[in-house]
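*Asks:* only the shape, not the letters, is given here:
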C-alpha cells in the first residue's frame, strides 16, 4: 500500500485491495470511484461488478442475537469464516470490534478475526496530530488483548508509514 494523507484514502485503498481478492464488504467508503484505481495495480473492477457479487451476510457479527453488527470485510476459506475490521477510530471502537469477533466465535461461525490499526497514528498523520488523540493503535491493541482475556483468535495488523 502507498502512504496516503487521509484516512478516507486509506479506507478506499483497503476496500479496493480486499474486494479484488474476493472479500465481502459491509459498506462502501464515503467517496468511491466507479472503477478500481490504476495506481493500486489490481485487476480492473467496476462498482457494479462488486455490488452484484457481494455476500454481505458473511460480515454479520451474530446470527443469534439482534446486535445488527457487521464487520467491515469477510471471506470464507473452505467453510471457515474470517472477518476483518479496519479501525482508524477511537480505542473504544476497537473494543466493539473485539466484542464482535468474540460473539461470532461464540456462535462457532468465526475462525479468525483480523483487526487492522495504525502503528503510530500521530506519526502517520503528523499533519493532523490533534485528530489522532485517543485513536486505536497497534501498541494499545497488543497490550489490551491479553488483559481482556478473549478466547478467540485475533490477528492484529499494524499499518506503518
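*Replies:* Nice, I can see it. A quick note: this is a predicted structure, and the numbers were derived from the prediction, not measured.

*Asks:* counting neighbours, what do you get for the nearest residue to residue 13 once chain neighbours are set aside?
*Replies:* Nearest non-adjacent residue to residue 13, counting by C-beta to C-beta, 6 or more residues apart in numbering: residue 1, 5.6 Å away. Bear in mind the C-beta positions are built from the backbone N, C-alpha and C, glycine included. Neighbour count of residue 1, defined by other C-beta atoms under 10 Å: 9.

*Asks:* my guess is residue 1 meets residue 11, correct?
*Replies:* No: the criterion here is C-beta atoms under 8 Å, and residue 1 misses it with residue 11 at 11.4 Å.

*Asks:* give the contact list for the residue nearest to residue 13.
*Replies:* 10, 13-14, 17, 159 (C-beta atoms under 8 Å, 6 or more residues apart in numbering).

*Asks:* likewise residue 153?
*Replies:* Counted by C-beta under 8 Å, 6+ apart, residue 153 has contacts 105, 111-113.

*Asks:* tell me the one among the residues you listed nearest to residue 70.
*Replies:* residue 113 (13.0 Å; C-beta to C-beta).

*Asks:* what's around the closest one, how many residues?
*Replies:* Using other C-beta under 10 Å, residue 113 has 26 neighbouring residues.

*Asks:* that one pairs with what?
*Replies:* Applying DSSP bridges to residue 113 gives these bridge partners: residue 83, residue 154.

*Asks:* so it is in contact with residue 94, correct?
*Replies:* No: counting by C-beta under 8 Å, residue 113 stays clear of residue 94, with 11.6 Å between them.
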